[in-house]
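Chemist: Quick one, fold the following:
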Amino acid sequence: AGGHGLHPEQGCGTLPLARRVVQLVKEDEEEEEKRPLVLAAGGIVDGAGAAASLVLGCDAAVLGTRLWATHQAMGNLEKKRDLVTASADDAVRTRTYDQINNKVQKETANGILWRYPYDTCGVIWKDDENATTNSNVPAWHEEAFAKLAVKEWSTEDCKSYVDRSFTLAGEGVGSISTLMDAEDVVKVISQGIAKEIRRVNNLLV
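Modeler: Below is the predicted model:
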């Protein structure tokens, strides 16, 4: 998964990661029927992205943010609307979300935490005036603000800030323009895969 996992400075994106995993799996298992399936995940929201994962040798693609932005998905409608209105640059990788949310999770979810260097995923980070901060979040937010919140805020205050200020979002969020039924998302992406493969095939003929 290119979305969840190591921070950017220690990991890589979905495309190179998926390709390398496919290579390792094929090296390890010569017999096709014994080979485990490889699924690409992270930033895939349309037919083109899914087609790219298949071309890389993956067996399928996993959709996260794209399926959250559907009518059937659990979650707050306002946060789903954040996904539809976000631009490509609105999803940021920040440790602040995990540090503050970890305090909430530690006391309410049996201690299930995201530990450094692994993180949850990208987030749309909104300030208290409900404006998206994008990549212009002041540097002091990253460390000093998170440490201050964890140290001085109550668990309820941390939960309130997380709910109010963060919307989980993958890097492909800028390509999501509408809330749809989950069934229609799958259909559109399936059609998009076929369209992209035909297009590439025409380039090679």
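
Chemist: Tell me where the chain has helices.
Modeler: For the chain, the helices defined by DSSP state H cover 14-28, 47-55, 65-68, 77-85, 95-108, 139-140, 146-152, 155-165, 182-204.

Chemist: among those helices, which is the most enclosed?
Modeler: Most buried of the helices of the chain, by mean neighbour count (mean count of other C-beta atoms under 10 Å): helix 65-68, with a mean of 22. Every C-beta, even on glycine, is put in place using the N, C-alpha and C of the backbone.

Chemist: I'd like the distance from it to the chain centre, please.
Modeler: 9 Å (C-alpha atoms, centre = their mean, to the nearest Å).

Chemist: likewise stretch 13-28?
Modeler: 19 Å.

Chemist: Could you pull up the mean pLDDT of that stretch?
Modeler: Stretch 13-28 carries an average pLDDT of 88.

Chemist: And for the residue nearest the centre of the chain, nearest residue in space, chain neighbours not counted?
Modeler: Nearest residue to the geometric centre of the chain (C-alpha atoms, centre = their mean): Gly170, 2.8 Å. Distances taken as C-beta to C-beta, 6 or more residues apart in numbering put Thr65 closest to Gly170, at 3.9 Å, once the chain neighbours are dropped.

Chemist: ok, now Ala91?
Modeler: Leaving aside its sequence neighbours, Ala91 sits nearest to Gly122 (C-beta to C-beta, 6+ apart; 3.7 Å).

Chemist: List phi and psi for that neighbour.
Modeler: Per-residue torsions, Gly122: phi -80, psi 160 (degrees, to the nearest 10).

Chemist: Contact partners for it?
Modeler: When the contact criterion is C-beta atoms under 8 Å, 6 or more residues apart in numbering, the partners of Gly122 are 3, 91-93, 168-171, 173.

Chemist: what pLDDT does it get?
Modeler: Confidence for Gly122, expressed as pLDDT, is 83.

Chemist: Repeat that for Pro117.
Modeler: Looking at Pro117, the pLDDT reads 72.

Chemist: Now for it, how many residues are close by?
Modeler: Neighbourhood size, Pro117 [other C-beta atoms under 10 Å]: 12.

Chemist: rewinding a little: mind checking how far the residue nearest to Gly170 is from Glu78?
Modeler: Noted for Thr65: a distance of 16 Å to Glu78, by C-beta to C-beta, to the nearest Å.

Chemist: now swap in Gly172 and tell me
Modeler: 20 Å.

Chemist: Thr178 now?
Modeler: Thr178 is 16 Å from Glu78, by C-beta to C-beta.

Chemist: Nearest residue to Asp90 in space, please, no chain neighbours.
Modeler: Ile124 (5.1 Å).

Chemist: Where does the prediction get shaky in the protein?
Modeler: 1-11, 29-30, 109-111, 127-143 (pLDDT under 70).

Chemist: go with 80
Modeler: For the chain, applying pLDDT under 80 flags the ranges 1-12, 28-33, 94, 107-121, 126-146, 148-149, 205.

Chemist: From what I see, Ile189 and Leu67 are in contact.
Modeler: No - counting by C-beta atoms under 8 Å, Ile189 does not reach Leu67; the two are 10.0 Å apart.
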